[in-house]
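Asks: Let's see this in three dimensions:
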Amino acid sequence: MALSLYDITVPNYLQILGAVKNVLAKGAEHATANGGNPDDLLNLRMTDDMHPMTFQIISVWHHSLGAIRGIEAGVFTPPPKVDVEGWKGYAGLVDEAIEALEALTPEAVNAMSGNPMKFKMGDFEIPFTTESFVQTFSQPNFYFHATAIYALLRADGVNLGKMDYLGAVRTHQE
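Replies: Numbers count the residues shown, from 1 in each chain. Now for the predicted structure:
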């Protein structure tokens with residue numbers, strides 16, 4: 001069975017975005033139950049030289065919905081400045097990505113297959129095809145940042161397990 005561009009992107013993004021949404025909700029519940037404010041979780045980081053939770057959430061949003069938008073435009077750049085505030089605002093980025101990705105059709109995504117595109121950061125560029133961009137750059141980043149969100153909350157005491165990270169596993173595809 002050949003996999004299409006849609007097959008290797010949208011269902012995978014939706015699975016992990018759904019898991020991230022759940023993990024973020026559990027983080028907020030944990031903070032509230034322990035007399036804290038979920039907004040305080042936005043500053044969590046694993047080490048001083050690592051980006052905080054806010055960047056991890058932005059990156060999951062950017063390497064899913066933003067990746068599809070980048071494929072469509074032929075260029076992907078670092079994440080834009082986002083104008084959201086507080087835990088609910090950042091969690092809303094995940095909701096936005098889910099809603100937009102659910103609206104995509106396989107035909108629309110597959111029509112972008114094989115197109116040239118590039119990652120651009122200032123004068124630095126990396127040329128890709130849509131598939132090589134997804135498989136070797138964007139999806140590894142997407143999973144990295146989703147894992148970072150999970151790890152930050154788990155280290156903060158949120159009761160999470162592997163199934164929380166995996167989300168709704170697709171057990172049968174036609």
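
Asks: can you list the weak-confidence ranges in this protein?
Replies: For the chain, applying pLDDT under 70 flags the ranges 1, 173-174.

Asks: where exactly do the strands run in it?
Replies: Using DSSP state E, the strands found in the chain span residues 75-76, 116-121, 124-129.

Asks: Okay, now the sheet partners of the first one, with direction.
Replies: To tie it back to what came earlier, the one meant is strand 75-76. strand 116-121 (parallel) (DSSP bridges).

Asks: returning to that earlier point: ranking the strands of the chain by burial, who's on top?
Replies: strand 75-76 (a mean of 18; mean count of other CB atoms under 10 Å). (C-beta placed from N, C-alpha, C; glycine too.)

Asks: Would you mind pulling the contact partners of it?
Replies: Residues outside strand 75-76 that contact it (CB atoms under 8 Å, 6 or more residues apart in numbering): 66-67, 70, 117-120, 133, 137-138.

Asks: Include distance to residue 146 when you put the strands of the chain into TSV, please.
Replies: Compiled in TSV, the strands of the chain are given as follows (distance: least, CB to CB, whole Å):
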stretch	distance to residue 146
strand 75-76	18
strand 116-121	19
strand 124-129	21
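
Asks: Of all those, which one is nearest residue 61?
Replies: Proximity to residue 61 (CB to CB) singles out strand 75-76 among the strands of the chain, at 13.3 Å.

Asks: show me the contacts for residue 86.
Replies: 38-39, 42.

Asks: Give me the angle between the lengthiest helix in the chain and strand 124-129.
Replies: Ranked by residue count, the top helix of the chain under DSSP state H comes out as helix 5-33. Angle of helix 5-33 versus strand 124-129, following axes from the mean of the first three to the mean of the last three CA atoms, to 10 degrees, is 130 degrees.
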